[in-house]
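Student: how would this look folded up:
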Amino acid sequence: MADRFGRKVMYVVDLSIMTAFALISAFSSSVPMLMASRFFLGMGIGGDYPVSSTLMSEYSGIRHRGGKLVSMVFAMQGFGLLLGAMVGVLSVAFLPLGVAWRVMLGGQGGRYRLRP
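Tutor: Modelled structure (predicted):
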């Protein structure tokens with residue numbers, strides 16, 4: 001799809017999908033809604049891997065194309081994993097569990113309860 005519609009357009013679509021379904025999962029009111037939103041979030045993440053590295057290599061200068069900037073794209077995945085773990089540990093330690101899981105999934109508030 002990125003080759004057909006353009007990498008930049010698909011990257012914006014991809015980021016929109018990830019943002020929307022992360023927020024939907026954080027404010028889910030039922031287990032099926034949570035499962036569906038996490039599924040579509042995963043589809044967005046799966047689309048992000050090939051598009052982000054290709055887009056970075058396409059827009060980087062010849063001097064940095066092969067290594068520096070593309071390596072930084074993949075290094076950010078590691079930083080994201082560390083940040084996610086830190087948010088999870090701090091959320092569970094300092095927030096009620098009804099709120100902590102929502103913070104971990106990208107939202108805030110405990111107004112809605114997840115019902116199994």
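
Student: could you say what helices and strands the helix ranked longest in the chain packs with?
Tutor: Using DSSP state H to define each element, the chain has its longest helix at helix 31-59. Applying 3 or more C-beta pairs under 8 Å, 6 or more residues apart in numbering; DSSP states H and E, one finds that helix 31-59 contacts helix 2-5, helix 7-26, helix 68-94. Any C-beta I mention is one placed from the backbone N, CA and C, and that applies to glycine too.

Student: let's see it at 6 Å
Tutor: Judged by 3 or more C-beta pairs under 6 Å, 6 or more residues apart in numbering; DSSP states H and E, helix 31-59 is in contact with helix 7-26, helix 68-94.

Student: For that helix, what does the pLDDT average out to?
Tutor: What helix 31-59 shows for mean pLDDT is 85.

Student: again with stretch 9-16
Tutor: 90.

Student: And for stretch 71-80?
Tutor: 78.

Student: Name the residues of it that come out as buried.
Tutor: residue 73 (16 or more other C-beta atoms under 10 Å).

Student: since we're on residue 54, how many residues are nearby?
Tutor: Residues near residue 54, counting by other C-beta atoms under 10 Å, number 17.

Student: got a list of what residue 83 touches?
Tutor: By C-beta atoms under 6 Å, 6 or more residues apart in numbering, no residues touch residue 83.

Student: Return the most buried member of the helices and strands packed on helix 31-59.
Tutor: helix 7-26 (a mean of 17; mean count of other C-beta atoms under 10 Å).
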